[in-house]
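Chemist: sequence plus predicted model, see below.
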Amino acid sequence: MNFVEELRWRGMLHDMMPGTEELLAKEQVTAYIGFDPTADSLHIGHLCSVMILRHFQRCGHKPLALIGGATGMIGDPSGKSAERNLLTEETLQRNMAGMKKQLSKFLDFDSDAPNRAELVNNYDWMKDFSFLDFAREVGKHITVNYMMAKDSVQRRLDGSAAGLSFTEFSYQLLQGYDFLHLYRTEGCKLQMGGSDQWGNITTGTELIRRIEQGDAYGLTCPLITKADGGKFGKTEKGNIWIDARYTSPYAFYQFWINTGDEDAYRYMKIFTELELEEIEALYKEHSQAPHLRALQQRLAREITTMVHGAEAVETAEEAT
């Protein structure tokens, strides 16, 4: 199974550095995606990244889920217009445990397969790194001009009266260092993420090139939106969470059932493992009798089963 081809037909590929596809064809690759530990549950906005790691593992490669314990303490300026609240260490630990439990539903962490998934926390390698050491070892390799040119930085400088704090400005260096650290310790050559992360990812590949003279790569997925351009995964009540304590399996199931036709077809490719032929057949069936909502029903069933199990689906279907 070709990972890049899989992402391509599923509409999950936005950008990719030259040489990435060749690398993946040549060897078992270790890659990571970073997750912010701002809550003790993932929400469906994270699902595209989680599915990318799942496909990556299915294609025989080794996925790392990086929890940003250190970077979560300062906040990423990408796509944000205001600075984020900082987390305590205790909260971070609780959030990480919750996220690992959920990621285990999608990724194999426990087998002895050579490509089993691993969870890493950048707090582990950042907590004893002094500011002076960081400035010497990392800061001197990247120019301010290079950092200023990033879109995420420019947008905040142009569009926000509050500007950008030094803490947030330094975020891309910290994320770049994560990539360097994982390159050294795990042989990790690829970082993946949403298209808003491209600037941070390229800072990492640049650090690896300058400090280790190594080749590293980046790949991004599009940010998922609704057909009307609205933000995916948000409702009047807020996020749709994966944890049943915050979003009941019934409400979770309902969210997918209420998806529009155009979105349901697209989400079927992104959020399920169904193959193209089966999705096309469902689409055809749906087109002939849209009122039966064949697409939405299958979508809701597939995703709810993956997240909450088959029993939850039966209960939700009965209630519906």
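Modeler: On my side now, so go ahead. Numbering: from 1, shown residues only.

Chemist: so what are the sheet partners of the helix or strand of the chain with the lowest mean pLDDT and their directions?
Modeler: Ranking every helix and strand in the chain by mean pLDDT, DSSP states H and E puts strand 234-235 at the bottom, with a mean of 72. Under the criterion DSSP bridges, strand 234-235 sits next to strand 238-239 (antiparallel) in its sheet.

Chemist: pLDDT averaged over the strand it pairs with, what's the number?
Modeler: Mean per-residue pLDDT for strand 238-239: 86.

Chemist: repeat that for stretch 253-261.
Modeler: On average, stretch 253-261 scores 95.

Chemist: show the end-to-end separation of it, please.
Modeler: Using C-alpha to C-alpha, to the nearest Å, the end-to-end distance of stretch 253-261 comes to 16 Å.

Chemist: which parts of the stretch 1-150 of the chain are strands?
Modeler: Along the stretch 1-150 of the chain, counting by DSSP state E, counting those that start in this stretch, strands occupy 15-16, 30-35, 62-67, 118-121.

Chemist: check which helices and strands the last one is in contact with.
Modeler: Strand 118-121 sits against strand 62-67, helix 89-103, helix 171-186, with contacts defined as 3 or more C-beta pairs under 8 Å, 6 or more residues apart in numbering; DSSP states H and E. Any C-beta I mention is one placed from the backbone N, CA and C, and that applies to glycine too.

Chemist: contacting residues for the residue most central in space within the chain?
Modeler: Closest to where the C-alpha atoms of the chain average out (C-alpha atoms, centre = their mean) is Ser49, at 3.0 Å. Each residue near Ser49 by C-beta atoms under 8 Å, 6 or more residues apart in numbering is listed here: 33, 35, 192-194, 221.

Chemist: make JSON lines out of those residues and add neighbour count, pLDDT and distance to Asn239.
Modeler: Formatted as JSON lines, the contacts of Ser49 follow (neighbours: other C-beta atoms under 10 Å; pLDDT from 0 to 100; distance: C-beta to C-beta, whole Å):
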{"residue": "Ile33", "neighbour count": "23", "pLDDT": "97", "distance to Asn239": "19"}
{"residue": "Phe35", "neighbour count": "22", "pLDDT": "93", "distance to Asn239": "14"}
{"residue": "Met192", "neighbour count": "23", "pLDDT": "98", "distance to Asn239": "22"}
{"residue": "Gly193", "neighbour count": "23", "pLDDT": "96", "distance to Asn239": "19"}
{"residue": "Gly194", "neighbour count": "20", "pLDDT": "93", "distance to Asn239": "16"}
{"residue": "Cys221", "neighbour count": "23", "pLDDT": "95", "distance to Asn239": "19"}
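
Chemist: so what's Tyr32 closest to, chain neighbours aside?
Modeler: Leaving out its chain neighbours, the residue that sits closest to Tyr32 by C-beta to C-beta, 6 or more residues apart in numbering is Leu64, at 3.8 Å.

Chemist: surely the one you found meets Arg116?
Modeler: No: judged on C-beta atoms under 8 Å, Leu64 makes no contact with Arg116 at a distance of 10.5 Å.

Chemist: those two: who's more crowded?
Modeler: The neighbour comparison of Leu64 against Arg116 (other C-beta atoms under 10 Å) goes to Leu64, with 21 against 14.

Chemist: gap between the more buried one and Trp9?
Modeler: In this structure, Leu64 and Trp9 are 25 Å apart, going by C-beta to C-beta, to the nearest Å.

Chemist: ok, back up a step: between the strands of the stretch 1-150 of the chain, which one is closest to Gln154.
Modeler: Evaluated over the strands of the stretch 1-150 of the chain, closeness to Gln154 peaks at strand 15-16, with 17.8 Å, by C-beta to C-beta.

Chemist: for the closest one, what does the pLDDT average out to?
Modeler: Per-residue scores along strand 15-16 average to 96.

Chemist: now swap in stretch 265-281 and tell me
Modeler: Computed over stretch 265-281, the average pLDDT equals 96.

Chemist: how about stretch 104-121?
Modeler: Per-residue pLDDT values across stretch 104-121 average out to 95.

Chemist: cool, stretch 308-320 as well?
Modeler: 91.

Chemist: shaky segments in the stretch 101-250 of the chain?
Modeler: 160-161 (pLDDT under 70).

Chemist: please repeat the previous calculation with a cut-off of 80.
Modeler: 158-162, 231, 233-237 (pLDDT under 80).

Chemist: where along it do the helices fall?
Modeler: According to DSSP state H, counting those that start in this stretch, the stretch 101-250 of the chain carries its helices in the segments 122-126, 131-137, 144-148, 151-159, 166-169, 171-186, 198-212, 249-257.

Chemist: return the most buried member of those.
Modeler: helix 171-186 (a mean of 22; mean count of other C-beta atoms under 10 Å).
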